[in-house]
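**Student:** One predicted model, sequence on top.
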Amino acid sequence: MKIELQHVSRKLADTNKKFSTGAIVNRGSLEFALSVAIKSKDWQEQVSYVIRALLCDHVFEDGNKRTAAAYLISVLEEFKYRYDLFKIDRMVLKIAKNNISDVKKIRRMIQNAAAKNF
């Protein structure tokens, strides 16, 4: 499974508008995350790069944590994964608070918050 990354930037901005203005203040980080993620065939690794950009590099002016959580939930639902909202909330807060930038660690955290088969 692979995410269609061409539309992720717009999807993230639209999602962020639900919480804030949708104003991208760190476009370079988002573009880098997408350019690296597109090389991977692993959707969890792809999402990890995007989550990292949102939470560590603060892509948007405001609402990065809420945008990261909403984006992850939308991807999990798209791929028919069950998820624990409490675990997603804790994961997002932990990544942001501790500035966790290791994509492999973020990927493991996503796996911990999700289970296959909706």
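**Tutor:** Everything's here; your move. Numbers count the residues shown, from 1 in each chain.

**Student:** host element of the most centrally placed residue in the chain?
**Tutor:** Centre of the chain computed as the mean C-alpha position; nearest residue by CA atoms, centre = their mean is residue 51, 3.0 Å away. In this assignment (DSSP states H and E), residue 51 forms part of helix 43-56.

**Student:** try residue 65
**Tutor:** Per DSSP H and E: helix 64-78 holds residue 65.

**Student:** which is the next helix or strand following that helix?
**Tutor:** Taking DSSP H and E, what comes next after helix 64-78 is strand 81-83.

**Student:** Distance of the closest residue in space to the residue nearest to the centre of the chain that isn't next to it in sequence relative to residue 41?
**Tutor:** Spatially, and ignoring its direct neighbours in sequence, residue 51 is nearest to residue 68 (5.1 Å; CB to CB, 6 or more residues apart in numbering). Bear in mind the C-beta positions are built from the backbone N, C-alpha and C, glycine included. Remark: distance between residue 68 and residue 41 (CB to CB, to the nearest Å) = 22 Å.

**Student:** Give me the more crowded residue out of these two.
**Tutor:** residue 68 (27 against 8; other CB atoms under 10 Å).

**Student:** show me what contacts that one?
**Tutor:** Residue 68 makes contacts with 50-51, 54-55, 92, 95, as judged by CB atoms under 8 Å, 6 or more residues apart in numbering.

**Student:** One more pass at 6 Å, please.
**Tutor:** Residue 68 is in contact with 51, 54-55, 92, counting by CB atoms under 6 Å, 6 or more residues apart in numbering.

**Student:** One more: residue 63?
**Tutor:** Residue 63 touches 16, 19-20, counting by CB under 6 Å, 6+ apart.

**Student:** from the residues you listed, which ones fall inside helices?
**Tutor:** Counted as lying in helices by DSSP state H, out of those, are residue 16.

**Student:** Make a ChimeraX selection of the buried ones in the contacts of residue 63.
**Tutor:** Here is the ChimeraX command that picks out the buried ones among those, judged by 16 or more other CB atoms under 10 Å:
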select :16,19
